[in-house]
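In: I'll drop the sequence and a predicted model, then ask my questions.
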Amino acid sequence: MKKRVTLWLTVALSFVLAGSAMAEDAPEAQTEAVEAAQTEAYEEEEIFADWNQDAPALQTLIDYVETVTDESSEDYIPPVDRIAVFDMDGTICGELYPTYLEYYALAWRILKDPSIEPDAEMLAIGREIRDHALDKSFREDMPMQHAIQAARAYSGMTLNEFSDFITEILLRDVDGFEGMTYGEALYSPILEVIEYLADNDFKVYIVSGSDRFLCRTLFEGHVDIPEERIIGMDVAVEATHQGDVDGLDYVYSADDEVVRTDRLLIKNLKMNKVCQIVREIGRQPVLSFGNSSGDVSMHNFTIHNNKYKSAAFMLVADDSERDYGDPEKTEPLKEKWAESGYQVISMRDDFRTIYGDDVVKTGTFRWMDELADDRGEGSPVFKGAHYAEKAAEDQASADAAQAPAAEASADAAQAPAAEASADTAQAPAAEAPADAAQAPAAEPAQAADGEDAEVQYIMYLGTNDKDTNEPVASREACMEKAKAILIDMFGGYTIQEAEGGWKDENGEVAQEYTLVIYLNDTTSEQVHAAADIMLDEFHQSSVMILENPLKTEFYGG
């Protein structure tokens, strides 16, 4: 049943009393009218008990809902099209204790979880979260870097294992507050809005930048939103025993479980939120709630070119008494959001309470002590349970392959050395690359024990456009992406920046290379697979592979 709310209850009650007073000959009717008005007043106050009743944003919302749910109104919206979308962090749950819930969860996973051995890249992100959360001095690309390392850190966990991990986090007391856990750190006034909209036949969706499965676990038991209406950052999932088999070629079996992989599919912020709404909801929202620039695209998609009356609300963290908001920082934001056509919600002015009357801000954090670590420089490559099992399988396969390889090697050793020498002499010098003299000498990669290991493949990675020879990616971007690919595929790398290039058959410079990569103990197929991925990452770039004995191959580009 639709609930209507009128804030000016005193005025409404006065009209009822006045009307009843004129009906002196009907005292029974007068009594019933007064009782009905009082009952409605009490019910209406309870709906938004955690709001200040004179909040402009609240009145705007109520007026909107009453208009679009009135079948006699020209702005009536059928229930099927009553779609409301909500951001999560900073809109429904806190993000100032001292940072996002998913950042805290990842920092704990990397720095404290004894079940994994993080590598250097993971540790760098975990420590940056710990060391910079209090002063909010994260790197500009931290959302994406966090997403990449989160995908890796949770890779191999079943969905139930991941949910259990997050549930344990949610049961902890919130840092910087007394009286609530992380699972309870939700803005109670916004929860009232969600319930109010649901009572008025709106379908509420969560469209968050946080991990979809984390959001599902958080809301379970706390907010009445079905799992299928929760959209967030996504990683690819696969079956336990699927391995490298494509999903089109694999059949899920009785002893399989669904596990997370380290393949990030989407970081659900900004325009990506619009894309996800279009794909997963299939209808244009009529209400949008957010708190930051990451929600602007979602807001604009909601309020522009909409066939229905629509509205967007932007929450600002301007309460420094009950929360860790920054009034000075948020004042210009209020003006900016209002100019953009959004209704501003002030936590300081509009919320009677934020988390509940029993929650108290402490003003102190245990953050640095709680996340202190002694993990040094990290393992050479990330070692989680899933990776350990895979490493054991790979080692078993390698051991099985060594026997025939050793036998073949012995046979080859018996061949006359003169024959090998003659074959070498017959190899035309033209097979060597025209730029071989320009390339830096192949420096052998170091084995784990410090001894030289034989170089099997040398990969020259160019990041210039194949037609214009102009850079399409910076050296820094190339280095970071190449490292991630090499760690993922080979567990390590020897890599150096370089100057030079290679020439085409006419002696013209065909490509300038940016990095020289040395790969050991691998196969041609793996090297070519790595090259494929790099070419996907750097459009129009080229990879040249040198294979011992010297064999030049132009790959891509």
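Out: The structure has been received and is ready for your questions.

In: contacting residues for L191?
Out: Residues counted as contacts of L191 (Cβ atoms under 8 Å, 6 or more residues apart in numbering) are I92, V223. C-beta here means a position set from N, CA and C on the backbone, and glycine is covered the same way.

In: is it true that it lies in a helix?
Out: Yes: per DSSP: H, G, I helix; E, B strand; the rest coil, L191 lies within a helix segment.

In: read off the pLDDT value for it.
Out: For L191, the model assigns a pLDDT of 98.

In: please begin residue numbering at 559 from this point
Out: Got it, first residue is 559 now, which makes that one L749.

In: gap between it and Y661?
Out: Distance from L749 to Y661, counting by Cβ to Cβ, to the nearest Å: 23 Å.

In: quick check: Q834 touching S766?
Out: No: the pair Q834 / S766 is not scored as a contact, 9.8 Å apart, by Cβ atoms under 8 Å.

In: shared neighbours of these two, anything?
Out: What both Q834 and S766 touch, as defined by Cβ under 8 Å, 6+ apart, is the set I789, N826.

In: tell me where the stretch 709-858 of the chain has strands.
Out: 735-736, 761-769, 788-797, 816-824, 845-848 (DSSP state E, counting those that start in this stretch).

In: between Q834 and S766, who's got more neighbours?
Out: It is S766, of Q834 and S766, that has more neighbours when counted by other Cβ atoms under 10 Å, with 29 against 22.

In: ok, that one - contacts?
Out: Residues in contact with S766, defined by Cβ under 8 Å, 6+ apart, are D645, M646, D647, C773, I788, I789, G790, M791, N826.

In: any idea how far A678 lies from V902?
Out: For A678, the distance to V902 - Cβ to Cβ - is 43 Å.

In: in terms of neighbours, single out the busier of the two.
Out: For A678 versus V902, neighbours defined as other Cβ under 10 Å are more numerous around V902 (21 against 16).

In: what about that one, which helix or strand?
Out: Here V902 sits within strand 901-904, counting by DSSP states H and E.

In: tabulate the CA atom coordinates of that strand in CSV.
Out: Extracted in CSV, the C-alpha atoms of strand 901-904 (Å, rounded to 0.1, in the frame of the first residue of the first chain):
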residue,chain,number,x,y,z
GLN,A,901,19.1,17.9,-5.0
VAL,A,902,21.8,18.2,-2.3
ILE,A,903,21.4,16.1,0.9
SER,A,904,23.4,17.6,3.8
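
In: which strands and helices lie in contact with it?
Out: Contacts defined by 3 or more Cβ pairs under 8 Å, 6 or more residues apart in numbering; DSSP states H and E place strand 901-904 against helix 614-626, strand 869-874, helix 885-897.

In: reformat the ones you listed as TSV; add mean pLDDT.
Out: Shown next, in TSV, are the helices and strands packed on strand 901-904 (pLDDT from 0 to 100):
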stretch	mean pLDDT
helix 614-626	98
strand 869-874	99
helix 885-897	96
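
In: and F1048, how many residues sit next to it?
Out: By the measure other Cβ under 10 Å, the count of residues near F1048 is 17.

In: right, and it touches A1088 too?
Out: Yes: judged on Cβ under 8 Å, F1048 makes contact with A1088 at a distance of 7.5 Å.

In: shared neighbours of these two, anything?
Out: L1077.

In: what's the most buried one of the strands of the stretch 709-858 of the chain?
Out: Of all those, strand 845-848 has the most neighbours on average by mean count of other Cβ atoms under 10 Å, namely a mean of 28.

In: so where's the stretch 809-958 of the chain uncertain?
Out: The model of the stretch 809-958 of the chain has pLDDT under 70 over residues 941-956.

In: show me where it has helices.
Out: With helices called from DSSP state H, counting those that start in this stretch, the stretch 809-958 of the chain shows them at 829-838, 854-861, 885-897, 905-908, 925-928, 943-972.

In: residues in contact with the first one?
Out: Counting by Cβ under 8 Å, 6+ apart, the neighbours of helix 829-838 from elsewhere in the structure are 643, 763, 765, 767, 789, 824, 826, 843, 852-853, 855-856, 859.

In: right, and the pair among those with maximum separation?
Out: I824 and P843 (18.6 Å; Cβ to Cβ).

In: on that earlier part again, paired strands for the strand holding V902, with orientation please.
Out: strand 869-874 (parallel) (DSSP bridges).

In: contacts for the partner strand, please.
Out: So strand 869-874 is contacted by 615, 618-619, 622, 648-649, 745, 748, 844-849, 853, 857-858, 860-861, 883, 888, 891-892, 895, 899-905 (Cβ under 8 Å, 6+ apart).

In: just want the angle from that strand to helix 885-897.
Out: With axes from the mean of the first three to the mean of the last three Cα atoms, to 10 degrees defining the directions, strand 869-874 sits at 170 degrees from helix 885-897.

In: format the helices and strands packed on strand 901-904 as JSON lines; extra columns: mean neighbour count and distance to E838.
Out: As requested, the helices and strands packed on strand 901-904 are exported to JSON lines (neighbours: other Cβ atoms under 10 Å; distance: least, Cβ to Cβ, whole Å):
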{"stretch": "helix 614-626", "mean neighbour count": "19", "distance to E838": "23"}
{"stretch": "strand 869-874", "mean neighbour count": "25", "distance to E838": "19"}
{"stretch": "helix 885-897", "mean neighbour count": "14", "distance to E838": "26"}
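
In: out of the ones you listed, which comes closest to I687?
Out: Closest among the helices and strands packed on strand 901-904, using Cβ to Cβ: helix 885-897, at 20.8 Å.

In: CA-only coordinates of that closest one in PDB, if you can.
Out: These are the backbone C-alpha positions of helix 885-897, laid out as PDB (Å, rounded to 0.1, in the frame of the first residue of the first chain):
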ATOM      1  CA  PRO A 885      32.500  21.100   5.800                       C
ATOM      2  CA  GLU A 886      35.100  23.400   4.100                       C
ATOM      3  CA  LYS A 887      35.700  21.000   1.300                       C
ATOM      4  CA  THR A 888      32.000  20.200   0.700                       C
ATOM      5  CA  GLU A 889      30.700  23.800   0.500                       C
ATOM      6  CA  PRO A 890      31.800  24.300  -3.100                       C
ATOM      7  CA  LEU A 891      30.600  20.900  -4.000                       C
ATOM      8  CA  LYS A 892      27.100  21.700  -2.800                       C
ATOM      9  CA  GLU A 893      27.000  24.700  -5.200                       C
ATOM     10  CA  LYS A 894      28.400  22.500  -8.000                       C
ATOM     11  CA  TRP A 895      25.900  19.800  -7.500                       C
ATOM     12  CA  ALA A 896      23.000  22.200  -7.300                       C
ATOM     13  CA  GLU A 897      24.100  23.900 -10.500                       C
END
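
In: for it, which outside residues touch it?
Out: Contacts to helix 885-897, defined as Cβ under 8 Å, 6+ apart, come from residues M872, V874, A875, D876, D877, S878, V902, S904, R906.

In: any idea which of the residues you listed is closest to S695?
Out: S695 lies nearest to A875 out of those, by Cβ to Cβ, at 17.4 Å.
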